[in-house]
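[1] Give me a 3D structure for the following:
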Amino acid sequence: MHARRFAETSRGHVQQQLHSTLLEQARATRLSREMGHRERALEAVRQAAVIMNSGELRREALTALGLPDLRFIRPRRGVVHSGATAQNRWG
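    Sure thing, here's the model as predicted:
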């Protein structure tokens with residue numbers, strides 16, 4: 001019985017540490033201003049929210065949502081940026 005309680009307590013501490021780490025990761029990523037920082041910050045927030053939702057976490061998510069961001073999107077084969085396929089546009 002004592003070992004089980006100890007294991008549960010230890011697991012709770014590990015979960016709290018992971019939540020804090022993910023929150024700090026989201027914050028640092030958001031502040032980095034690197035390409036893709038918004039999505040990476042929101043992913044860290046999402047992972048932390050699975051563990052525990054908090055006001056601080058919600059504030060971080062809202063702050064990240066307000067950021068402008070760029071990300072690389074690989075064009076699909078045969079698709080022209082206008083949305084027409086290459087065959088329709090050129091053929």
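
[2] mind checking the longest helix of this protein?
    The longest helix of the chain (DSSP state H) is helix 2-32.

[3] Let me have the following helix or strand past it in PDB, keeping just the CA atoms, if that works.
    The first helix or strand that comes after helix 2-32 along the chain, using DSSP states H and E, is helix 37-51. C-alpha atoms of helix 37-51 as PDB (Å, rounded to 0.1, in the frame of the first residue of the first chain):
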ATOM      1  CA  HIS A  37       7.300  29.400 -33.900                       C
ATOM      2  CA  ARG A  38       3.500  29.800 -33.500                       C
ATOM      3  CA  GLU A  39       2.700  26.300 -34.500                       C
ATOM      4  CA  ARG A  40       5.400  24.800 -32.300                       C
ATOM      5  CA  ALA A  41       4.400  26.900 -29.300                       C
ATOM      6  CA  LEU A  42       0.800  25.800 -29.700                       C
ATOM      7  CA  GLU A  43       1.800  22.200 -30.000                       C
ATOM      8  CA  ALA A  44       3.700  22.500 -26.700                       C
ATOM      9  CA  VAL A  45       0.600  24.100 -25.100                       C
ATOM     10  CA  ARG A  46      -1.600  21.300 -26.500                       C
ATOM     11  CA  GLN A  47       0.700  18.700 -24.900                       C
ATOM     12  CA  ALA A  48       0.800  20.500 -21.600                       C
ATOM     13  CA  ALA A  49      -3.100  20.800 -21.600                       C
ATOM     14  CA  VAL A  50      -3.400  17.100 -21.800                       C
ATOM     15  CA  ILE A  51      -1.600  16.900 -18.400                       C
END
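
[4] Neighbours of residue 59, how many?
    Per other CB atoms under 10 Å, the neighbour tally for residue 59 reads 11. The C-beta positions use only the backbone N, C-alpha and C, and glycine is treated the same way.

[5] My error: substitute residue 68 in the last question.
    Residue 68 has 7 neighbours, counted by other CB under 10 Å.

[6] Would you mind measuring from the closest residue to it other than its chain neighbours to residue 32?
    Leaving aside its sequence neighbours, residue 68 sits nearest to residue 38 (CB to CB, 6 or more residues apart in numbering; 7.8 Å). From residue 38 across to residue 32, the span is 10 Å (CB to CB, to the nearest Å).
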